[in-house]
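Colleague: from the sequence below, what's the structure:
(one chain, ligands or ions: 1)
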Amino acid sequence: RGKWRIMENEETEPHVLIFPFPAQGHVNSMLKLAELLSLSGLRITFLNIHRIHHKLTLHTNFQSRFSRFPNFQFQTITDGLPLENRPIGNFSDLINSLKSITKPLLKEMLLSGELGPTPTCIILDGLFNFIFDVDAHPNIPVFSFRTISACSFSAYSFVPKLIEDGQLPIEGEEDMDRIINGVVGMENVLRCRDLPSFCRLEDPFDPRLQYGVTQTIQSFKSHALIFNTFEDLEGPILSCLRSRCSNIYAIGPLHAHLKTKLSSEISPTASESNNGLWEVDRSCLAWLDAQPPKSVIYVSFGSVVVIDDDQLREFWHGLVNSGKRFLWVLRPNSVAGKDGVPAELEEETKERGYIVGWAPQEEVLAHKAIGAFLTHSGWNSTLESIVAGVPMICWPQFADQQTNSRYVSEIWKIGLDMKDVCNRETVAKMVNDVMENRKNELMGSVIEIAKLAITSVEEGGSSYCDLERMIKDIRLLCQ
Ligand code: UDX
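Modeller: Predicted coordinates for the structure are as follows:
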């Protein structure tokens, strides 16, 4: 009888399966979503690729962090890649392997009950909608979570129309400043250079562009779409998207949302989290403590961007010539063909700079010594900078980043866009502009938006209400 009761509860208790794309920026934000849902009492299974999960478990606080959620379990699955291809290797190898090996395995795991009771719904990373066999599990609704901004998602979704209208392909460098029309809600905002980077490919049917577009179009067919954004930031774009998909939840910034919930429901210190796939070097916090307020520019290009030796030197000279202090994240293997920072740069940096392999970014951005962020405009970094009230210099590299940086500089007016330029003069000038000449104006706007971001995740705020609505909708699926 006892057993029967448990079975009954399991069937009526919502169970959410969450599966992120195996990359830092994706796992990072989807784990935060998982924690938020778990805090609301939903049973969560977080499915991770083996090698990603292994890296997460190496963090010292991993056990304590997740043991506080009674209904939270991790499960792992292979990406099918041979060991020598890891960490990610070639992108198309990864996708092919996920399709041919991981997809049928996921189907089997679901059918055999290996992942627990049949999920009420699956929250899938919108970058790999293909991984889930909808025909095999018609009763499991798919919620598609895009880790990118609503503006870049929207730009992706209009690519087929831009091709049809003859606005793509881009005709070389001299065509880059042409204004793009036809992306609804973004009229007169985007130039060719602000479209997702894959639009720069000569062949608009190149698989790399088509992949992003297909996954975006596929996301519209899911039961619901979830964005890590908030109404006061991307309201007009979200309205346009809602006319094409009625079920959209805008519940970000997730890191701020989680922090607010954790500090009100568990304890203020419990909100410290590290979702990084690299070991954090916390020594930079002590270095920051010794710097004057708002005197340091933080430099990081996220988890994927690789720069070459020339770019490294242009940035380094630009930072040194700016006369400002800097904290620079140079991940292992993030400079092509180099094992580490050239010894002479490391030596000469000591006067005004500090270099680490991986920083506690949220804490760094919140530090009083930070005055600006030189970023690649990844969406997580952009949101983290906004919440911390730190103006940006944007050096976007790929995918959504080109569109994000346009919005940062032209729409939200909280930073400068260095797009497609990398020379020491520009770096030095922009660092001085953002930290001195235009400091008041940029800082004023970003602090305003930071307040709106925080309000959105507090009780009654737009993201708070959308998350509550989403949880209610998930519970209703069980009845
Ligand atoms: C990429 C895309 O750029 C991004 O837009 C998409 O949403 C996810 O995939 P990534 O290039 O890694 O992500 O950038 P970003 O989204 O900014 O994420 C990087 C994350 O790593 C941030 O959460 C940041 O806090 C964290 N980080 C970065 C650290 O914790 N320490 C560091 O030293 C650098």
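Colleague: pick out the residue of the stretch 101-250 of the chain closest to the ligand.
Modeller: Residue of the stretch 101-250 of the chain nearest the ligand, by C-beta to the nearest ligand atom: residue 147 (3.7 Å). From N, CA and C alone the C-beta is placed, and that goes for glycine too.
Colleague: report pLDDT for the residue of the stretch 301-450 of the chain found nearest the ligand.
Modeller: Proximity to the ligand, evaluated over the stretch 301-450 of the chain using C-beta to the nearest ligand atom, is greatest for residue 378 at 2.3 Å. Here the pLDDT value assigned to residue 378 is 97.
Colleague: ok, and the closest non-adjacent residue to it?
Modeller: In space, and not counting its chain neighbours, residue 378 is closest to residue 302: 4.2 Å by C-beta to C-beta, 6 or more residues apart in numbering.
Colleague: any idea how far residue 467 is from the ligand?
Modeller: Here residue 467 is placed at a distance of 19 Å from the ligand (C-beta to the nearest ligand atom, to the nearest Å).
Colleague: for the stretch 201-350 of the chain, which residues are neighbours of the ligand?
Modeller: 276, 300, 302-304, 329 (C-beta under 6 Å from any ligand atom).
Colleague: least confident pick among those residues?
Modeller: residue 276 (66).
Colleague: helix or strand: which one has residue 355?
Modeller: strand 353-356 (DSSP states H and E).
Colleague: shaky segments in the stretch 151-300 of the chain?
Modeller: Low-confidence segments of the stretch 151-300 of the chain (pLDDT under 70): 265-276.
Colleague: the strands in it, which residues?
Modeller: Ranges of strands in the stretch 151-300 of the chain, per DSSP state E, counting those that start in this stretch, are 224-227, 248-250, 296-300.
Colleague: what ranges does the stretch 1-150 of the chain have for its helices?
Modeller: Secondary structure of the stretch 1-150 of the chain (DSSP state H, counting those that start in this stretch): helices at 2-12, 24-39, 50-57, 62-67, 91-97, 103-112, 150-157.
Colleague: got the angle for the second one vs helix 50-57?
Modeller: Here helix 24-39 points in a direction 70 degrees away from that of helix 50-57 (axes from the mean of the first three to the mean of the last three C-alpha atoms, to 10 degrees).
Colleague: now the last one
Modeller: Here helix 150-157 runs at an angle of 170 degrees relative to helix 50-57 (the same axes, to 10 degrees).
Colleague: any part of helix 150-157 near the ligand?
Modeller: No: Helix 150-157 lies out of reach of the ligand by C-beta under 6 Å from any ligand atom, never closer than 7.6 Å.
Colleague: packing partners of that helix?
Modeller: helix 207-220, helix 231-242, helix 401-406 (3 or more C-beta pairs under 8 Å, 6 or more residues apart in numbering; DSSP states H and E).
Colleague: make it 10 Å
Modeller: Secondary structure elements in contact with helix 150-157, counted by 3 or more C-beta pairs under 10 Å, 6 or more residues apart in numbering; DSSP states H and E, are strand 142-146, helix 207-220, strand 224-227, helix 231-242, helix 379-388, helix 401-406.
Colleague: just how off-centre is it within its chain?
Modeller: 14 Å (C-alpha atoms, centre = their mean, to the nearest Å).
Colleague: over to the third one?
Modeller: For helix 50-57, the separation from the chain centroid amounts to 18 Å (computed by C-alpha atoms, centre = their mean).
Colleague: and if you look at stretch 345-359?
Modeller: 26 Å.
Colleague: keeping just the C-alphas, turn that stretch into PDB.
Modeller: Listed next in PDB are the C-alpha coordinates belonging to stretch 345-359 (Å, rounded to 0.1, in the frame of the first residue of the first chain):
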ATOM      1  CA  LEU A 345      53.200  40.600 -21.300                       C
ATOM      2  CA  GLU A 346      52.700  38.900 -18.000                       C
ATOM      3  CA  GLU A 347      55.800  40.600 -16.500                       C
ATOM      4  CA  GLU A 348      54.900  44.100 -17.900                       C
ATOM      5  CA  THR A 349      51.300  43.700 -16.800                       C
ATOM      6  CA  LYS A 350      52.200  43.700 -13.100                       C
ATOM      7  CA  GLU A 351      52.200  47.500 -12.900                       C
ATOM      8  CA  ARG A 352      48.500  48.100 -13.600                       C
ATOM      9  CA  GLY A 353      47.000  44.800 -14.600                       C
ATOM     10  CA  TYR A 354      46.100  41.400 -13.300                       C
ATOM     11  CA  ILE A 355      45.600  38.200 -15.500                       C
ATOM     12  CA  VAL A 356      43.600  35.100 -14.400                       C
ATOM     13  CA  GLY A 357      42.500  31.900 -16.200                       C
ATOM     14  CA  TRP A 358      38.900  32.100 -15.100                       C
ATOM     15  CA  ALA A 359      37.300  34.600 -12.800                       C
END
